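J.: structure, please.
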Amino acid sequence: MSAQGLPGAAPTIDQDGPATSRIGVGRRLAGLMRWEVLLLGILVALILVGTSLSKVFLSGANFANLTSAIGEVAIMALPMTLIIITGEIDLSVESMAGLAGAVLGWLWAAGVPLQIGIPMVLCVGIMGGLLNGLLVSRAALPSLVVTLGTLALFRGLANVVLGPRAISDFPSWFTGFGFGNVPGTSIPWTLAVFAVLAIVFVAVTHRTWLGRWVFATGKNKDASRYSGIRVDRVKLVLFAISGLIAALAGVLLAARFSSARADNGTGLTLTVVTIVVLGGVDINGGKGTIIGVILAAAVLAVLQSALRLSGISSEYQGVAVGLLLIVSVIAPQIARQTRTLLVRAAMGRHSPAGPNAPGEVVGR
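T.: This is a model prediction of the structure:
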(Lines give C-alpha, C1' and ligand atoms only; values in the text may rest on other atoms or scores of the structure.)
Protein backbone atom coordinates (compact mmCIF):
# COMPACT_ATOMS: atom_id res chain seq x y z
CA MET A 1 0.00 0.00 0.00
CA SER A 2 1.28 3.44 -0.83
CA ALA A 3 1.92 6.05 1.82
CA GLN A 4 -1.08 7.97 0.57
CA GLY A 5 -3.37 5.06 1.43
CA LEU A 6 -2.27 4.82 5.08
CA PRO A 7 -4.72 6.25 7.61
CA GLY A 8 -3.67 9.65 8.86
CA ALA A 9 -0.85 10.01 6.32
CA ALA A 10 -0.24 13.53 5.08
CA PRO A 11 -1.12 14.05 1.42
CA THR A 12 1.85 14.28 -0.89
CA ILE A 13 2.40 17.02 -3.43
CA ASP A 14 3.31 16.13 -6.98
CA GLN A 15 6.86 17.24 -7.65
CA ASP A 16 5.75 18.72 -10.96
CA GLY A 17 2.51 20.20 -9.66
CA PRO A 18 1.50 23.87 -9.56
CA ALA A 19 2.34 24.21 -5.84
CA THR A 20 5.96 23.23 -6.44
CA SER A 21 6.05 25.57 -9.42
CA ARG A 22 4.81 28.46 -7.30
CA ILE A 23 7.40 27.69 -4.62
CA GLY A 24 10.05 27.83 -7.34
CA VAL A 25 8.75 31.21 -8.47
CA GLY A 26 8.91 32.48 -4.89
CA ARG A 27 12.49 31.33 -4.56
CA ARG A 28 13.43 32.94 -7.88
CA LEU A 29 11.87 36.22 -6.71
CA ALA A 30 13.88 35.92 -3.52
CA GLY A 31 16.99 35.38 -5.61
CA LEU A 32 16.30 38.63 -7.42
CA MET A 33 16.31 40.37 -4.05
CA ARG A 34 19.95 39.45 -3.47
CA TRP A 35 21.82 42.67 -2.84
CA GLU A 36 24.38 41.92 -5.55
CA VAL A 37 21.60 41.66 -8.14
CA LEU A 38 20.09 44.93 -6.96
CA LEU A 39 23.52 46.59 -7.12
CA LEU A 40 23.90 45.42 -10.70
CA GLY A 41 20.53 46.98 -11.53
CA ILE A 42 21.55 50.24 -9.84
CA LEU A 43 24.80 50.25 -11.81
CA VAL A 44 22.97 49.81 -15.13
CA ALA A 45 20.51 52.58 -14.20
CA LEU A 46 23.36 54.97 -13.31
CA ILE A 47 25.10 54.22 -16.60
CA LEU A 48 21.91 55.07 -18.49
CA VAL A 49 21.53 58.30 -16.51
CA GLY A 50 25.17 59.23 -17.13
CA THR A 51 24.78 58.57 -20.84
CA SER A 52 21.76 60.88 -20.99
CA LEU A 53 23.66 63.62 -19.13
CA SER A 54 26.75 63.69 -21.32
CA LYS A 55 27.79 62.34 -24.70
CA VAL A 56 31.31 61.67 -23.44
CA PHE A 57 30.16 59.49 -20.55
CA LEU A 58 30.76 56.24 -22.43
CA SER A 59 34.00 57.41 -24.03
CA GLY A 60 37.25 55.61 -23.35
CA ALA A 61 38.78 58.73 -21.83
CA ASN A 62 35.96 59.09 -19.30
CA PHE A 63 36.15 55.39 -18.47
CA ALA A 64 39.85 55.79 -17.72
CA ASN A 65 39.16 58.86 -15.57
CA LEU A 66 36.37 57.34 -13.47
CA THR A 67 38.21 54.07 -12.87
CA SER A 68 41.55 55.65 -12.01
CA ALA A 69 39.83 58.06 -9.59
CA ILE A 70 38.37 55.16 -7.60
CA GLY A 71 41.27 52.73 -8.04
CA GLU A 72 43.15 53.24 -4.78
CA VAL A 73 40.08 53.22 -2.53
CA ALA A 74 38.73 50.13 -4.30
CA ILE A 75 42.05 48.38 -3.66
CA MET A 76 41.94 49.28 0.05
CA ALA A 77 38.31 48.09 0.23
CA LEU A 78 39.31 44.48 -0.49
CA PRO A 79 41.10 43.72 2.81
CA MET A 80 38.69 46.04 4.64
CA THR A 81 35.91 43.68 3.53
CA LEU A 82 37.47 40.73 5.35
CA ILE A 83 38.22 42.80 8.45
CA ILE A 84 34.60 44.01 8.70
CA ILE A 85 33.30 40.47 8.11
CA THR A 86 35.23 39.44 11.25
CA GLY A 87 33.43 42.19 13.15
CA GLU A 88 36.38 44.60 13.27
CA ILE A 89 37.33 47.75 11.33
CA ASP A 90 40.50 49.53 10.20
CA LEU A 91 40.17 53.31 10.11
CA SER A 92 43.90 53.91 9.67
CA VAL A 93 44.17 52.96 5.99
CA GLU A 94 44.21 56.51 4.66
CA SER A 95 47.02 57.51 7.03
CA MET A 96 49.03 54.41 6.15
CA ALA A 97 48.68 55.36 2.49
CA GLY A 98 49.96 58.85 3.34
CA LEU A 99 52.83 57.44 5.42
CA ALA A 100 53.79 55.06 2.61
CA GLY A 101 53.91 57.91 0.11
CA ALA A 102 55.93 60.08 2.50
CA VAL A 103 58.48 57.34 3.17
CA LEU A 104 58.76 56.63 -0.55
CA GLY A 105 59.37 60.31 -1.28
CA TRP A 106 61.93 60.57 1.52
CA LEU A 107 63.80 57.49 0.28
CA TRP A 108 63.80 58.77 -3.30
CA ALA A 109 65.09 62.18 -2.20
CA ALA A 110 67.84 60.36 -0.26
CA GLY A 111 68.97 58.61 -3.43
CA VAL A 112 67.37 55.20 -2.87
CA PRO A 113 66.15 53.67 -6.18
CA LEU A 114 62.43 53.04 -6.42
CA GLN A 115 63.08 49.34 -7.08
CA ILE A 116 64.40 49.18 -3.52
CA GLY A 117 62.24 51.91 -1.98
CA ILE A 118 58.88 50.39 -2.97
CA PRO A 119 59.51 47.02 -1.23
CA MET A 120 60.73 48.91 1.83
CA VAL A 121 57.53 50.97 1.85
CA LEU A 122 55.41 47.81 1.58
CA CYS A 123 57.27 46.44 4.63
CA VAL A 124 56.35 49.63 6.49
CA GLY A 125 52.71 48.90 5.65
CA ILE A 126 52.97 45.36 6.99
CA MET A 127 54.54 46.60 10.24
CA GLY A 128 51.81 49.20 10.69
CA GLY A 129 49.16 46.55 10.08
CA LEU A 130 50.83 44.21 12.55
CA LEU A 131 50.74 46.98 15.16
CA ASN A 132 46.99 47.28 14.68
CA GLY A 133 46.56 43.52 14.70
CA LEU A 134 48.59 42.96 17.86
CA LEU A 135 46.69 45.63 19.77
CA VAL A 136 43.34 44.21 18.64
CA SER A 137 44.04 40.47 18.88
CA ARG A 138 46.60 40.18 21.68
CA ALA A 139 45.72 43.16 23.86
CA ALA A 140 41.97 42.65 23.17
CA LEU A 141 41.43 46.36 22.50
CA PRO A 142 38.51 47.60 20.36
CA SER A 143 39.61 47.98 16.74
CA LEU A 144 37.63 51.21 16.42
CA VAL A 145 39.67 52.85 19.18
CA VAL A 146 42.98 51.28 18.11
CA THR A 147 42.74 52.33 14.49
CA LEU A 148 41.52 55.80 15.39
CA GLY A 149 44.74 56.13 17.36
CA THR A 150 46.93 54.80 14.56
CA LEU A 151 45.03 57.02 12.11
CA ALA A 152 46.57 59.97 13.93
CA LEU A 153 49.86 58.17 14.61
CA PHE A 154 50.61 57.25 11.01
CA ARG A 155 49.66 60.72 9.74
CA GLY A 156 51.89 62.29 12.36
CA LEU A 157 54.78 60.04 11.34
CA ALA A 158 54.22 61.05 7.70
CA ASN A 159 54.55 64.70 8.70
CA VAL A 160 57.69 63.92 10.68
CA VAL A 161 59.27 62.05 7.76
CA LEU A 162 58.48 64.50 4.99
CA GLY A 163 57.20 67.64 6.67
CA PRO A 164 55.58 70.20 4.36
CA ARG A 165 57.75 69.16 1.41
CA ALA A 166 56.42 67.60 -1.77
CA ILE A 167 58.72 65.23 -3.69
CA SER A 168 57.78 65.39 -7.35
CA ASP A 169 60.84 64.47 -9.44
CA PHE A 170 59.96 60.80 -9.83
CA PRO A 171 61.02 58.99 -13.04
CA SER A 172 58.57 58.96 -15.93
CA TRP A 173 58.02 55.19 -15.84
CA PHE A 174 56.73 55.49 -12.27
CA THR A 175 54.37 58.41 -12.85
CA GLY A 176 53.25 56.87 -16.13
CA PHE A 177 52.15 53.79 -14.21
CA GLY A 178 50.08 56.00 -11.94
CA PHE A 179 47.97 57.77 -14.55
CA GLY A 180 48.71 55.79 -17.70
CA ASN A 181 46.74 52.99 -19.34
CA VAL A 182 47.57 49.44 -20.31
CA PRO A 183 49.04 49.76 -23.82
CA GLY A 184 46.41 49.66 -26.55
CA THR A 185 43.47 49.98 -24.13
CA SER A 186 41.57 52.51 -22.02
CA ILE A 187 42.22 50.44 -18.89
CA PRO A 188 44.30 52.30 -16.28
CA TRP A 189 47.12 50.42 -14.64
CA THR A 190 45.46 50.96 -11.25
CA LEU A 191 42.36 49.14 -12.51
CA ALA A 192 44.55 46.27 -13.72
CA VAL A 193 46.13 46.04 -10.26
CA PHE A 194 42.68 46.09 -8.66
CA ALA A 195 41.44 43.35 -11.00
CA VAL A 196 44.33 41.03 -10.11
CA LEU A 197 43.88 41.65 -6.39
CA ALA A 198 40.10 41.20 -6.66
CA ILE A 199 40.54 37.76 -8.25
CA VAL A 200 42.90 36.75 -5.46
CA PHE A 201 40.55 38.02 -2.73
CA VAL A 202 37.51 36.32 -4.30
CA ALA A 203 39.38 33.01 -4.38
CA VAL A 204 40.71 33.35 -0.83
CA THR A 205 37.44 34.57 0.68
CA HIS A 206 35.04 32.13 -0.93
CA ARG A 207 37.19 29.10 -1.78
CA THR A 208 39.72 28.58 1.03
CA TRP A 209 39.84 27.62 4.70
CA LEU A 210 40.95 31.16 5.58
CA GLY A 211 37.73 32.53 4.12
CA ARG A 212 35.68 30.04 6.11
CA TRP A 213 37.54 31.04 9.26
CA VAL A 214 36.87 34.73 8.53
CA PHE A 215 33.10 34.19 8.25
CA ALA A 216 33.01 31.88 11.27
CA THR A 217 34.88 34.47 13.34
CA GLY A 218 32.42 37.18 12.36
CA LYS A 219 29.38 35.05 13.18
CA ASN A 220 30.53 33.86 16.61
CA LYS A 221 34.03 34.43 17.94
CA ASP A 222 33.65 32.24 21.03
CA ALA A 223 32.22 29.30 19.11
CA SER A 224 35.01 29.67 16.55
CA ARG A 225 37.64 29.46 19.28
CA TYR A 226 36.03 26.35 20.77
CA SER A 227 35.96 24.74 17.32
CA GLY A 228 39.72 25.19 16.93
CA ILE A 229 39.83 28.34 14.79
CA ARG A 230 42.72 30.62 15.70
CA VAL A 231 40.67 33.79 15.85
CA ASP A 232 43.50 36.00 17.07
CA ARG A 233 45.83 34.82 14.33
CA VAL A 234 43.15 35.40 11.67
CA LYS A 235 42.71 39.01 12.83
CA LEU A 236 46.47 39.57 12.99
CA VAL A 237 46.93 38.33 9.43
CA LEU A 238 44.04 40.43 8.13
CA PHE A 239 45.32 43.66 9.69
CA ALA A 240 48.81 42.95 8.30
CA ILE A 241 47.32 42.47 4.83
CA SER A 242 45.31 45.67 5.24
CA GLY A 243 48.49 47.59 6.08
CA LEU A 244 50.28 46.07 3.09
CA ILE A 245 47.47 46.95 0.65
CA ALA A 246 47.13 50.47 2.12
CA ALA A 247 50.87 51.01 1.57
CA LEU A 248 50.48 49.78 -2.01
CA ALA A 249 47.63 52.26 -2.48
CA GLY A 250 49.92 54.99 -1.13
CA VAL A 251 52.54 54.13 -3.74
CA LEU A 252 49.89 54.26 -6.47
CA LEU A 253 48.63 57.63 -5.17
CA ALA A 254 52.15 59.06 -5.29
CA ALA A 255 52.51 57.81 -8.85
CA ARG A 256 49.11 59.15 -9.97
CA PHE A 257 49.66 62.56 -8.37
CA SER A 258 53.31 62.60 -9.53
CA SER A 259 54.02 63.82 -6.02
CA ALA A 260 54.69 62.36 -2.59
CA ARG A 261 53.14 64.42 0.22
CA ALA A 262 52.40 63.70 3.85
CA ASP A 263 48.71 64.49 3.31
CA ASN A 264 48.18 62.04 0.43
CA GLY A 265 45.07 59.92 0.98
CA THR A 266 43.37 62.29 3.41
CA GLY A 267 39.66 61.51 3.70
CA LEU A 268 39.73 58.20 1.83
CA THR A 269 38.69 56.02 4.78
CA LEU A 270 35.07 57.20 4.57
CA THR A 271 34.94 56.23 0.89
CA VAL A 272 36.53 52.84 1.59
CA VAL A 273 34.00 52.03 4.31
CA THR A 274 31.16 53.28 2.08
CA ILE A 275 32.18 50.88 -0.69
CA VAL A 276 32.39 47.93 1.70
CA VAL A 277 29.05 48.56 3.40
CA LEU A 278 27.35 49.43 0.11
CA GLY A 279 28.62 46.09 -1.17
CA GLY A 280 26.35 44.35 1.33
CA VAL A 281 28.92 43.56 4.02
CA ASP A 282 27.22 43.49 7.42
CA ILE A 283 28.87 46.10 9.64
CA ASN A 284 28.31 43.72 12.59
CA GLY A 285 30.28 40.98 10.87
CA GLY A 286 29.58 37.50 9.52
CA LYS A 287 28.10 38.42 6.10
CA GLY A 288 29.38 39.83 2.83
CA THR A 289 30.88 39.04 -0.56
CA ILE A 290 33.81 40.41 -2.53
CA ILE A 291 31.61 40.47 -5.65
CA GLY A 292 29.24 42.87 -3.90
CA VAL A 293 32.15 45.14 -2.96
CA ILE A 294 33.40 45.15 -6.56
CA LEU A 295 29.94 46.16 -7.78
CA ALA A 296 29.72 48.84 -5.09
CA ALA A 297 33.04 50.32 -6.21
CA ALA A 298 31.71 50.46 -9.77
CA VAL A 299 28.46 52.11 -8.58
CA LEU A 300 30.37 54.77 -6.66
CA ALA A 301 32.73 55.45 -9.57
CA VAL A 302 29.86 55.85 -12.04
CA LEU A 303 27.90 58.04 -9.62
CA GLN A 304 30.84 60.37 -9.03
CA SER A 305 31.52 60.58 -12.77
CA ALA A 306 27.88 61.41 -13.52
CA LEU A 307 27.85 64.11 -10.82
CA ARG A 308 31.10 65.58 -12.11
CA LEU A 309 29.90 65.69 -15.72
CA SER A 310 26.71 67.37 -14.49
CA GLY A 311 28.77 70.18 -13.00
CA ILE A 312 28.01 69.25 -9.39
CA SER A 313 30.63 70.70 -7.04
CA SER A 314 32.91 68.49 -4.97
CA GLU A 315 31.15 69.63 -1.79
CA TYR A 316 27.82 68.24 -2.98
CA GLN A 317 29.57 65.10 -4.19
CA GLY A 318 30.70 64.63 -0.58
CA VAL A 319 27.09 64.99 0.54
CA ALA A 320 26.12 62.29 -1.97
CA VAL A 321 28.78 59.93 -0.61
CA GLY A 322 27.54 60.52 2.95
CA LEU A 323 23.94 59.81 1.96
CA LEU A 324 25.11 56.74 0.08
CA LEU A 325 26.78 55.45 3.24
CA ILE A 326 23.52 55.80 5.18
CA VAL A 327 21.54 54.08 2.42
CA SER A 328 24.16 51.32 2.19
CA VAL A 329 23.58 50.44 5.85
CA ILE A 330 19.79 50.29 5.54
CA ALA A 331 19.15 48.92 2.05
CA PRO A 332 20.98 45.54 2.30
CA GLN A 333 19.10 44.78 5.53
CA ILE A 334 15.79 45.49 3.79
CA ALA A 335 16.82 43.29 0.85
CA ARG A 336 17.78 40.40 3.17
CA GLN A 337 14.53 40.66 5.14
CA THR A 338 12.45 40.82 1.95
CA ARG A 339 14.24 37.79 0.52
CA THR A 340 13.63 35.82 3.73
CA LEU A 341 9.95 36.77 3.79
CA LEU A 342 9.49 35.70 0.14
CA VAL A 343 11.03 32.29 0.79
CA ARG A 344 9.04 31.73 3.99
CA ALA A 345 5.82 32.86 2.33
CA ALA A 346 6.34 30.47 -0.57
CA MET A 347 7.17 27.55 1.72
CA GLY A 348 4.41 28.38 4.22
CA ARG A 349 1.57 28.67 1.70
CA HIS A 350 2.31 25.34 0.06
CA SER A 351 3.42 23.17 2.96
CA PRO A 352 1.19 20.04 3.29
CA ALA A 353 -0.08 21.06 6.72
CA GLY A 354 -0.62 24.71 5.80
CA PRO A 355 1.01 27.90 7.04
CA ASN A 356 -0.62 27.69 10.49
CA ALA A 357 0.00 24.04 11.22
CA PRO A 358 0.33 23.03 14.86
CA GLY A 359 3.89 23.28 16.05
CA GLU A 360 4.92 25.74 13.31
CA VAL A 361 6.29 29.05 14.52
CA VAL A 362 4.73 31.81 12.46
CA GLY A 363 6.63 35.01 11.83
CA ARG A 364 9.89 33.69 13.24
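J.: start to end distance for stretch 264-273?
T.: Stretch 264-273 has its terminal residues 18 Å apart, counting by CA to CA, to the nearest Å.
J.: can you give me how far that stretch is from the chain middle?
T.: Stretch 264-273 sits 13 Å away from the centroid of its parent chain (CA atoms, centre = their mean, to the nearest Å).
J.: list the buried residues for that stretch?
T.: Within stretch 264-273, the residues that qualify as buried are 264-265, 268-269, 271-273, counting by 16 or more other CB atoms under 10 Å. The way it works is simple: take the backbone N, C-alpha and C, and place the C-beta from them, glycine included.
J.: what does that stretch rub up against?
T.: With contact meaning CB atoms under 8 Å, 6 or more residues apart in numbering, stretch 264-273 is reached by 72-73, 76-77, 80, 89, 91-95, 97-98, 101-102, 151, 249-250, 253-254, 257, 300, 321-322, 325.
J.: with stretch 280-296 instead?
T.: With CB under 8 Å, 6+ apart, stretch 280-296 has contacts from 35-36, 39-40, 43, 74, 77-78, 81, 84-88, 198, 201-202, 205-206, 215, 217-219, 274-279, 328-329, 332, 335.
J.: buried set for stretch 311-318?
T.: By neighbour count with 16+ other CB under 10 Å, stretch 311-318 contains no buried residues.
J.: residues contacting that stretch, please?
T.: Here stretch 311-318 makes contact (CB under 8 Å, 6+ apart) with 304, 307-308, 320.
J.: from Leu324, how far off is Ser313?
T.: Using CB to CB, to the nearest Å, Ser313 is found at 17 Å from Leu324.
J.: could you do Val121 as well?
T.: The value you get for Val121 to Leu324, if CB to CB is used, is 31 Å.
J.: so those two - more neighbours on which side?
T.: Val121 (24 against 20; other CB atoms under 10 Å).
J.: and the more buried one, how close does it get to Gln115?
T.: From Val121 to Gln115 the distance is 12 Å (CB to CB).
J.: what does Gly133 give?
T.: From Gly133 to Gln115 the distance is 28 Å (CB to CB).
J.: more crowded one of the two?
T.: Each of Gly133 and Gln115 has its neighbours counted (other CB under 10 Å); Gly133 has more, 27 against 7.
J.: name the helix or strand for the closest residue to the more buried one other than its chain neighbours, please.
T.: Excluding the flanking residues, the one nearest Gly133 by CB to CB, 6 or more residues apart in numbering is Phe239, at 3.3 Å. Using DSSP states H and E, Phe239 falls within helix 231-257.
J.: could I get the average pLDDT for the following helix or strand past that helix?
T.: The C-terminal neighbour of helix 231-257 among helices and strands, as given by DSSP H and E, is helix 268-278. Averaged across helix 268-278, pLDDT comes to 91.
J.: could you dump the buried residues of stretch 264-273 into a markdown table with distance to Ser59 added?
T.: Listed next are the buried residues of stretch 264-273 as a markdown table, based on distance: CB to CB, whole Å:
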| residue | distance to Ser59 |
| --- | --- |
| Asn264 | 28 |
| Gly265 | 28 |
| Leu268 | 26 |
| Thr269 | 31 |
| Thr271 | 24 |
| Val272 | 28 |
| Val273 | 31 |
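J.: now for these, which pair is the farthest apart?
T.: Farthest apart among these by CB to CB are Asn264 and Val273. That separation is 18.6 Å.
J.: hmm, Leu309 is touching Thr51, no?
T.: No. Contact criterion CB atoms under 8 Å: Leu309 and Thr51 do not qualify, at 10.2 Å.
J.: ok, the two, which is more surrounded?
T.: Leu309 (17 against 13).
J.: spatially nearest residue to the more buried one (excluding sequence neighbours)?
T.: Nearest-residue entry for Leu309: Ser54, 4.2 Å, with adjacent residues in sequence omitted and distances by CB to CB, 6+ apart.
J.: got it, and Val329?
T.: According to CB to CB, 6+ apart, the nearest residue to Val329 is Val277 (5.8 Å).
J.: how near is the one you found to Leu210?
T.: To Leu210, Val277 is 22 Å away according to CB to CB.
J.: who's more crowded, the two?
T.: Neighbour count, other CB under 10 Å: between Val277 and Leu210, Val277 has more, with 27 against 13.
J.: and the gap between that one and Val299?
T.: Taking CB to CB as the measure, Val277 falls 12 Å from Val299.
J.: geometric centre of the protein: which residue is closest?
T.: Closest to where the C-alpha atoms of the chain average out (CA atoms, centre = their mean) is Val276, at 3.4 Å.
J.: what's near enough to touch that residue?
T.: 77, 80-81, 84, 288, 293, 296 are the contacts of Val276 under CB under 8 Å, 6+ apart.
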